[in-house]
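Novice: dropping a prediction and its sequence here:
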Amino acid sequence: MRYLLVLSAETEDATQQSEVLGEAHQLAELGGLDVVDARITEELAQKALDRGDLTTARGALTELVGREEGKRQRLAFDPLLRQQWFADSLGCYRRLLRVAALQHDPLLALDCAERMRSRALLDQLAWRKVDMALRLPPGLRGRLAALREARRQAYALLQQALGSPASGDGEGRGIYIPIRGPLESDQPSALGDAAGLRVLIESLAQEEAALESAVREAVPAYQAAAGTPIPTGGDVKRALARDPSLLVLEYTLSDQGVVLLGLRSGRTPTVWLIKESGETVWEHVGKFRELIWKRQGEAQKEGQWLYSKLVSPMVPLLIGARRLWIVADGALQLVPFGALQDITGEYLASRVALACTPSLSLALSSRGGRPPTAGTSALIVAAPATGAPEAGGDERGLYLPIRGMYLPIRGEDGASDALTSMAIVALPGARAEGQAVAKLFPGSRILTGAEATKEALLIQGSQCDVVHIATHGYADPDIPEFSGLLCAGTGGKPYEVLTAQEVYLWNLQARLVTLSACQTGLGKTIEGEGLLGLTRAFIYAGAQDVVCSLWPVSDESTQKLMEAFYANLKTAGSVEEALTQAQRTLLQDEKTKHPF
């Protein structure tokens with residue numbers, strides 16, 4: 001076999017190379033050399049791709065993907081382990097996805113794309129049903145609680161070690177949020193502490209995951225819940241037939257470009273290879289977001305470039321569609337698709353109602369039915385008392401309150417705490433927003449000021465159909481489970497934080513959760529899994545639909561948006577339609593027509 005492998009590497013004849021690798025593949029298979037056989041099969045696939053032999057490449061890659069799926073089923077019930085293993089195994093999936101696009105095979109593209117995304121989340125959602133029915137022994141529950149508390153304390157120490165400035169953005173807008181920057185060089189102890197704390201946090205997370213995995217391995221019910229099925233072409237066809245006006249656009253990174261899949265009832269499924277590298281896409285997405293944030297005119301040009309690449313190939317399917325589900329991957333999860341404009345300057349949000357989902361598998365299994373309306377039980381949390389002064393007089397005209405920021409903040413002098421800098425900004429619009437939303441849900445409960453504590457939210461929100469939270473929020477891209485929402489303080493503390501880690505442990509019944517705060521749709525991007533953060537936590541906790549934000553949001557305009565959104569829920573056919581109608585209302589107002 002060694003002779004054959006050396007010969008395949010040295011020969012320049014493609015036909016001979018293929019024959020030699022085929023012989024080596026057969027020998028490895030007969031000898032039970034699985035690892036060697038997998039490497040040979042991978043080499044066969046790559047050589048076939050290099051010479052344009054898509055049929056041979058498809059066969060070899062299909063075999064590799066089948067092997068990887070078998071290995072995955074044998075992995076321990078540990079989400080962290082499964083995430084890491086899958087991230088390291090994506091190569092053969094991405095190449096098979098490219099083959100599907102080049103062969104114009106939408107069903108293969110769908111199967112491959114869905115196998116590449118949010119698998120750990122789907123596992124966790126299946127296991128959660130068992131979690132809810134399983135009563136763990138008190139000692140085990142105590143051990144898990146102790147690990148989570150130790151991790152929370154370590155994270156608090158990490159924030160303290162890093163520090164953050166208290167100054168604003170320096171542009172005269174009064175956005176009182178700390179600015180990301182490097183630690184000063186004369187703070188070696190802080191850097192050392194931070195490195196050690198990160199190691200400790202990771203170690204505690206792994207210990208917790210291993211403990212949970214051991215429990216799952218010992219309980220047969222978890223085995224029965226494992227292996228969430230990937231939707232077939234028939235499953236998707238039946239689901240889309242329920243709403244012929246629904247279009248699904250699924251974007252997945254392949255090894256060479258982005259594969260775009262378009263699905264709509266009554267139309268031929270379409271697959272398209274966008275021949276732009278992941279780096280190029282990321283560059284344009286980042287530039288577009290920055291230009292919108294800074295309200296610079298070049299944003300339209302960047303948005304039109306993204307529209308031409310991401311939407312234009314599917315315009316025939318877009319005609320007549322009222323709803324659009326976006327299933328994005330990588331940097332594309334950060335694209336505000338509704339703010340993209342075509343060559344005429346029309347926003348995509350003006351044409352269709354948009355919703356984003358981590359995977360089509362998840363959307364088909366969890367989304368459906370009409371949105372909540374009047375008579376629905378609702379909990380509204382608005383403007384918790386976090387140490388901010390009461391706004392009054394002309395103060396509101398002097399600055400634009402922003403509901404949160406993006407963490408972690410790297411302070412230059414460690415002079416103040418990042419969360420405190422955020423907490424002391426009053427949100428008068430959030431309070432008015434909460435009161436207006438409460439009027440639309442008779443019998444709802446509203447928590448504001450000192451009443452809006454974390455404990456009250458967790459207890460009262462568990463049984464509600466709608467949970468609306470208007471407060472400061474932040475995303476931590478390094479440790480996403482500590483992204484959070486600010487609540488009123490207790491016991492002498494000016495504020496408390498509801499973290500994503502705590503949301504994961506919440507048992508929600510909500511059909512709709514609205515996170516009316518800054519950047520609640522951001523988090524840490526994990527290959528093969530998507531964005532981890534607050535949104536993922538609320539989905540896991542049981543929320544059917546989550547409304548969130550991709551950037552800092554203005555207190556005043558967010559109030560207007562949310563009031564219109566909830567008013568539209570009475571007549572809209574879906575949450576995304578109600579939200580898009582509200583966005584269109586703001587687009588018609590000169591004061592609020594800008595996407596940021």
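Specialist: Now that the structure is in, tell me what you want to look at.
Novice: every contact and neighbour count from this point should use C-alpha atoms.
Specialist: Will do.
Novice: what's the mean pLDDT across the longest helix seen in the chain?
Specialist: For the chain, the longest helix by residue count, based on DSSP state H, is helix 188-218. For helix 188-218, mean pLDDT is 80.
Novice: now do the buried residues in that helix.
Specialist: 190-191, 193-194, 197-198, 200-201, 204-206, 208-213, 216 (16 or more other Cα atoms under 10 Å).
Novice: what does stretch 446-464 give?
Specialist: Under 16+ other Cα under 10 Å, the buried positions of stretch 446-464 are 446-454, 457-458, 461-464.
Novice: which of the residues you listed fall in helices?
Specialist: 454, 457-458, 461.
Novice: quick revisit: quick check: next helix or strand after the longest helix of the chain?
Specialist: Sequence order places helix 220-225 as the next helix or strand after helix 188-218, per DSSP states H and E.
Novice: now the nearest residue to residue 587 once chain neighbours are set aside. Its backbone dihedrals?
Specialist: Nearest non-adjacent residue to residue 587, counting by Cα to Cα, 6 or more residues apart in numbering: residue 593, 3.9 Å away. Per-residue torsions, residue 593: phi -80, psi -20 (degrees, to the nearest 10).
Novice: likewise for residue 426?
Specialist: phi -70, psi 150.
Novice: and the closest residue to it other than its chain neighbours, how many neighbours?
Specialist: Nearest residue to residue 426, sequence neighbours excluded (Cα to Cα, 6+ apart): residue 388, at 5.0 Å. The tally of other residues near residue 388 (other Cα atoms under 10 Å) stands at 18.
Novice: and residue 479, by the same measure?
Specialist: If we define neighbours as other Cα under 10 Å, then residue 479 has 18 of them.
Novice: list the contacts for it?
Specialist: residue 524 (Cα atoms under 8 Å, 6 or more residues apart in numbering).
Novice: ok, now how distant is it from residue 499?
Specialist: Separation of residue 479 from residue 499 (Cα to Cα, to the nearest Å): 11 Å.
Novice: cool, residue 470 as well?
Specialist: 15 Å.
Novice: tell me which of those two has more neighbours.
Specialist: Set residue 470 next to residue 499 and count neighbours by other Cα under 10 Å: residue 470 wins out with 30 against 23.
Novice: wait, isn't the more buried one in contact with residue 383?
Specialist: Yes. Contact criterion Cα atoms under 8 Å: residue 470 and residue 383 qualify, at 6.2 Å.
Novice: shared neighbours, these two?
Specialist: Counting by Cα under 8 Å, 6+ apart, the residues touching both residue 470 and residue 383 are 430-431.
Novice: picking that back up, looking at the buried residues of stretch 446-464, which gets the smallest pLDDT?
Specialist: Ranking the buried residues of stretch 446-464 by pLDDT, residue 463 lands last with 88.
Novice: what kind of secondary structure is the residue lying closest to that one once chain neighbours are set aside in?
Specialist: Using Cα to Cα, 6+ apart and skipping residues adjacent in sequence, the residue nearest residue 463 is residue 509, 5.8 Å away. Reduced to three states with DSSP: H, G, I helix; E, B strand; the rest coil, the structure at residue 509 is coil.
Novice: and what of the one 4 residues further on?
Specialist: Using three-state DSSP, the secondary structure recorded for residue 513 is strand.
Novice: mind listing what it touches?
Specialist: Applying Cα under 8 Å, 6+ apart, the residues near residue 513 are 466-469, 538, 543-547.
Novice: just send those back as JSON lines, with pLDDT too.
Specialist: Below are the contacts of residue 513 laid out as JSON lines (pLDDT from 0 to 100):
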{"residue": "466", "pLDDT": "95"}
{"residue": "467", "pLDDT": "96"}
{"residue": "468", "pLDDT": "96"}
{"residue": "469", "pLDDT": "95"}
{"residue": "538", "pLDDT": "94"}
{"residue": "543", "pLDDT": "92"}
{"residue": "544", "pLDDT": "92"}
{"residue": "545", "pLDDT": "93"}
{"residue": "546", "pLDDT": "94"}
{"residue": "547", "pLDDT": "93"}
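Novice: residues contacting residue 300?
Specialist: 340-341, 345.
Novice: identify, from those, the entry nearest to residue 250.
Specialist: Nearest to residue 250 among these, counting by Cα to Cα, is residue 340 at 16.5 Å.
Novice: isn't that closest one up against residue 308?
Specialist: No. Using Cα under 8 Å, residue 340 makes no contact with residue 308, being 9.4 Å away.
Novice: how near is residue 143 to residue 503?
Specialist: 19 Å.
Novice: scratch that, residue 46
Specialist: Counting by Cα to Cα, the gap from residue 46 to residue 503 is 44 Å.
Novice: and those two? Which one has more around it.
Specialist: residue 503 (22 against 19).
Novice: pretty sure the more buried one sits against residue 537.
Specialist: Yes. Counting by Cα under 8 Å, residue 503 touches residue 537, with 5.7 Å between them.
Novice: where do the helices sit along the stretch 251-400 of the chain?
Specialist: 278-293, 299-310, 315-318, 360-366 (DSSP state H, counting those that start in this stretch).
Novice: which SS state does the spatially most central residue of the chain fall under?
Specialist: The C-alpha lying nearest the average C-alpha coordinate of the chain belongs to residue 531 (Cα atoms, centre = their mean; 3.1 Å). Following three-state DSSP, residue 531 is assigned to strand.
Novice: what's the nearest residue to it if we skip its chain neighbours?
Specialist: Residue 531 sits nearest to residue 525 (Cα to Cα, 6+ apart), 4.5 Å away.
Novice: so where's the stretch 201-350 of the chain shaky on pLDDT?
Specialist: Scanning the stretch 201-350 of the chain for pLDDT under 70 picks out 226-228, 296.
Novice: same question for the stretch 401-550 of the chain.
Specialist: Counting by pLDDT under 70, the stretch 401-550 of the chain contains low-confidence ranges at 401-418.
Novice: if I look at residue 7, what pLDDT would I see?
Specialist: 43.
Novice: same deal with the one 5 residues further on?
Specialist: The pLDDT attached to residue 12 in the predicted structure is 55.
Novice: also residue 184?
Specialist: 32.
Novice: just residue 4 next, same as before
Specialist: pLDDT for residue 4: 44.
Novice: could you pull out the strands for the stretch 251-400 of the chain?
Specialist: Assigned by DSSP state E, counting those that start in this stretch, the strands in the stretch 251-400 of the chain fall at 257-264, 270-274, 323-327, 353-356, 378-384.
Novice: deepest-packed of those strands, please.
Specialist: Mean neighbour count (mean count of other Cα atoms under 10 Å) peaks for strand 378-384 among those, with a mean of 29.
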